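# pasting the structure only:
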DNA sequence: GTGAAAGCGCTAACAG
DNA sequence: CTGTTAGCGCTTTCAC
């Protein structure tokens, strides 16, 4: 069994209080005593019990990270950013995968609450729970940070990419390259797709070429099937509307689907078709031709959310902050 | 603040013990009392404090998962398998990314020990810590399961793929398709690459065609650069040895690197070159042409490790088990 | 400088 | 069926 502070105290012939003081270094201890204790600690391989420590201190040294899935590299990349920040601190991360399911999301977050986590980061929160009072209530008692989620709660901090600007950059790029007939590919109802579609419509309107047929919704936008689904959809559409020469895809998975569709259709990229994706997941750089895309900087998304959460933990959940990150165009082969 | 059991007890006019019994349902309570308590629980939004509960029960409801990185989809996929199993239980997962760094690995695992985790799953443990007594000592007091790691410790359970058989399947497939000049691509020193190389050598020897020039080590095999690195290496080698008509790559990232090399070299797949990868990460299905590969079934790796850990937790860390999973060939376009 | 003792929130005998 | 009580391992007053 693991040694406890009592055993260390006995072996060192001091009180548990003294051992505690040595371990934490927060009160003066005679050097001699200190060394004696440290020696025993070493011998017994003693490490303080975090559970007990957190309990008495009325705090917690874990934070919860809730993600919809881990199958799209977008999420691991964000987690990476979060982890790299908290790694330097005393916090550990409890990972919760909630499968884009609003009930599971609720359950897992309640579980985190039971664990008295110091705070919670939610990536892509479901709109259901965002709109209901669920998150607002949680956020009143525990620091909560959203990544790419919509909230008007004054208690929730958030970090998101400025997808409106990003979409504009993507469309600008296509138009500057002379494309007028641009296909828009999106997934199921989500705030982030909506924003992009809004920009698409505005800009197509400006050149008097907005056509509903050029707007395609391929359903689930983040699954393992997204690429193939988009490819199949793309083959059909590209055949039906041969005048299309540019594509703006709401995420890279969809963008790659279109690349594959071109291969099947014997279209040359970028001669016959230019494609701009969104996110900049590594996958985009691995396929051939390499996907041109808008960089979301997932690592920064994660890192900033971690910073915001830490702030909230430190200010006692009193103040919130919203951060909007900029995007940038990553020019590659498509 | 969160309500405690004492507050619930007071409000319901019962003792804390009764509240505890209602919550846990482990002792009989009069229906009337039960309902009264449940009502207050609801009102006060009470959830038991896991920290305190774990402390008194001398147990923990968290398990630690240690991974080298989260940048290669292999690891998230395995984590997925682990999570899907523990999701149904009371356990939560603490995720530790240790960056393939043996010191970080040690630190993070010590931290997990401080948290009294119920058990630890380590994916791809560093050989350094595996060979030293570090893991053996940990495993004496806490259940430990390795995924794709080598250990002779009787206290460590492990699950791994039978990579020897897998390699044989890959090579068989290439040879059956008439290939004699087969390139072998591997990464830096690792047990798993060594196993595959051994098989490669044996089988090339059998057809009297083992040539050292056909064996390539591209260094880091799991990073974001692996694909491009392999591509560059591949372009050179494929040019130098135009007789090569088959490739066995130790993982899919490398396999995809070779696909890209073919594109640069204007080689047609699979007419000019057949490629077999290893792992079956989703990426292999997303690229075009789709990669033929050996399925490691990462989900099963994760799930089985979870089952083994649960067993160890339940049998008091007394018994260990090694599981070897079978592989299968996934025929696709290459 | 150091020890004794209270108590964090909870569970599990034990007694009734 | 229910209440009282003793801790789980630790930190932190409060004395000395």
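Thanks, I have the structure now. Model, not experiment: these values are computed from the prediction. Residues are numbered from 1 along each chain as shown, chains lettered A, B, ... in the order given.
# Next, give phi and psi for residue A:92.
Backbone torsions for residue A:92, taken as degrees, to the nearest 10, come to phi -110, psi 160.
# Contacts only, for residue A:332.
Residues near residue A:332 by C-beta atoms under 8 Å, 6 or more residues apart in numbering or on different chains: A:284-285, A:289-293. Yep, even glycine has a C-beta here, placed from its N, CA and C like the rest.
# when you scan stretch A:91-101, is anything in it near chain B?
Yes - Stretch A:91-101 reaches chain B (C-beta under 8 Å from any C-beta of the partner chain) through A:92-97.
# contacting residues around that stretch?
Around stretch A:91-101, the neighbours that count as contacts under C-beta under 8 Å, 6+ apart are A:61-70, A:79, A:82-83, A:86, A:104-105, A:108-109, A:111-112, A:115, A:117-118, A:124, A:126, A:222, B:62, B:65, B:79-80, B:83, B:87, B:92-96, B:111-112, B:115.
# what are the phi and psi values for the residue lying closest to residue A:250 once chain neighbours are set aside?
Among residues not flanking residue A:250 along the chain, residue A:186 sits closest, at 4.5 Å (C-beta to C-beta, 6 or more residues apart in numbering or on different chains). Here is the backbone geometry of residue A:186 (degrees, to the nearest 10): phi -130, psi 170.
# what's the spacing between residue A:186 and residue B:255?
32 Å (C-beta to C-beta, to the nearest Å).
# among the residues of stretch A:91-101 next to chain B, which two are most distant?
A:92 and A:97 (16.9 Å; C-beta to C-beta).
# Look at the residue in the stretch 51-200 of chain A that DNA strand C sits nearest to and say how many residues are nearby.
DNA strand C sits closest to residue A:56 of the stretch 51-200 of chain A, with a gap of 3.3 Å, by C-beta to the nearest atom of the strand. By other C-beta atoms under 10 Å in any protein chain shown, the residues close to residue A:56 number 10.
# residue ranges for the helices of the stretch 201-334 of chain A, please.
Assigned by DSSP state H, counting those that start in this stretch, the stretch 201-334 of chain A shows helices spanning A:226-240, A:252-265, A:283-286, A:298-314.
# can you list the residues that contact the last one?
This means helix A:298-314. A:63, A:74, A:77-86, A:89, A:118-121, A:143-148, A:157-161, A:279-281, A:319-321, A:323, A:325.
# Mark which of the residues you listed are buried, thanks.
Among the contacts of helix A:298-314, those classed as buried by neighbour count (16 or more other C-beta atoms under 10 Å in any protein chain shown) are A:63, A:74, A:77-83, A:85-86, A:118-121, A:143-148, A:157-161, A:279-281, A:320, A:323, A:325.
# Looking at the helices of the stretch 201-334 of chain A, which one is packed in the most?
Most buried of those by mean neighbour count (mean count of other C-beta atoms under 10 Å in any protein chain shown) is helix A:252-265; its value is a mean of 25.
# got the angle for it vs helix A:226-240?
For helix A:252-265 against helix A:226-240, the angle by axes from the mean of the first three to the mean of the last three C-alpha atoms, to 10 degrees is 50 degrees.
# Show me what helix A:252-265 is packed against.
If you count contacts as 3 or more C-beta pairs under 8 Å, 6 or more residues apart in numbering or on different chains; DSSP states H and E, helix A:252-265 packs onto strand A:182-186, helix A:226-240, strand A:246-249, strand A:274-279, helix A:283-286, helix B:283-286.
# the inter-axis angle of it versus strand A:274-279?
Going by the same axes, to 10 degrees, helix A:252-265 makes 150 degrees with strand A:274-279.
# Could you list the low-pLDDT ranges of chain A?
By pLDDT under 70, the low-scoring segments of chain A are A:1, A:189.
# Can you give the domain ranges for it?
A:5-48, A:60-161+A:298-326, A:163-295 (automatic domain parsing).
# now the end-to-end length of the second one.
Just to be clear, that refers to domain A:60-161+A:298-326. 33 Å (C-alpha to C-alpha, to the nearest Å).
# near DNA strand D at all, it?
No - using C-beta under 7 Å from any atom of the strand, domain A:60-161+A:298-326 stays clear of DNA strand D, with a minimum separation of 11.1 Å.
# mind checking how far that domain is from the chain centre?
9 Å (C-alpha atoms, centre = their mean, to the nearest Å).
# what about it and DNA strand C, any contact?
No - judged by C-beta under 7 Å from any atom of the strand, domain A:60-161+A:298-326 makes no contact with DNA strand C; its nearest approach is 8.2 Å.
# Quick check: phi and psi at residue A:178.
Main-chain dihedrals, residue A:178, degrees, to the nearest 10: phi 90, psi 10.
# same check, this time on residue A:38
The phi/psi pair for residue A:38 (degrees, to the nearest 10) is phi -60, psi -40.
# Mind checking which of the contacts of stretch A:91-101 are in helices?
A:79, A:82-83, A:86, A:104-105, A:108-109, A:111-112, B:79-80, B:83, B:111-112 (DSSP state H).
# what sits against residue A:36?
A:12-14.
# buried stuff in the helix or strand residue A:40 falls within?
Of the helices and strands defined by DSSP states H and E, residue A:40 is found in helix A:31-44. Neighbour counts over helix A:31-44 (16+ other C-beta under 10 Å) mark A:33-34, A:36-38, A:40-41 as buried.
# Could you tell me the angle between the helix or strand following that helix and helix B:50-57?
As assigned by DSSP H and E, the chain's next helix or strand after helix A:31-44 is helix A:50-57. Put simply, helix A:50-57 runs at 120 degrees to helix B:50-57, going by the same axes, to 10 degrees.
# Please list which of the contacts of residue A:332 are also close to chain B.
Applying C-beta under 8 Å from any C-beta to the contacts of residue A:332, those adjacent to chain B are residue A:285.
# mind giving me a markdown table with the contacts of residue A:332 and columns for distance to residue A:237?
Below are the contacts of residue A:332 laid out as a markdown table (distance: C-beta to C-beta, whole Å):
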| residue | distance to residue A:237 |
| --- | --- |
| A:284 | 21 |
| A:285 | 26 |
| A:289 | 20 |
| A:290 | 23 |
| A:291 | 18 |
| A:292 | 20 |
| A:293 | 20 |
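# OK, now which residue of chain A is nearest to DNA strand D?
For chain A, C-beta to the nearest atom of the strand, closest residue to DNA strand D: residue A:5, 2.8 Å.
# Might you report the residue contacts of that residue?
A:16, A:19-20, A:23, A:46, A:48 are the contacts of residue A:5 under C-beta under 8 Å, 6+ apart.
# and with 10 Å instead?
Neighbouring residues of residue A:5 by C-beta atoms under 10 Å, 6 or more residues apart in numbering or on different chains: A:15-20, A:23, A:41, A:46, A:48-49, A:52-53.
# With residue A:160 instead?
If you count contacts by C-beta under 10 Å, 6+ apart, then residue A:160 has A:146-151, A:191-192, A:195, A:296, A:301, A:304-305, A:322-325 around it.
# give me that answer again for 8 Å
A:146-149, A:301, A:322-325.
# Over to residue A:156?
A:135-136, A:139, A:144-146, A:320.
# Against chain B, how distant is the closest residue in space to residue A:323 that isn't next to it in sequence?
Closest residue to residue A:323 in three dimensions, ignoring its sequence neighbours and counting by C-beta to C-beta, 6+ apart: residue A:159, at 4.3 Å. Distance of residue A:159 to chain B, given as C-beta to the nearest C-beta, to the nearest Å: 19 Å.
# List phi and psi for residue A:159.
Backbone torsions for residue A:159, taken as degrees, to the nearest 10, come to phi -130, psi 130.
# what's across from it in the sheet?
Assessed by DSSP bridges, residue A:159 has beta-bridge partners residue A:147, residue A:323.
# thought it was touching residue A:296?
No - the criterion here is C-beta atoms under 8 Å, and residue A:159 misses it with residue A:296 at 11.2 Å.
# list residues touching both of the two?
Joint contacts of residue A:159 and residue A:296 (C-beta under 8 Å, 6+ apart) are residue A:325.
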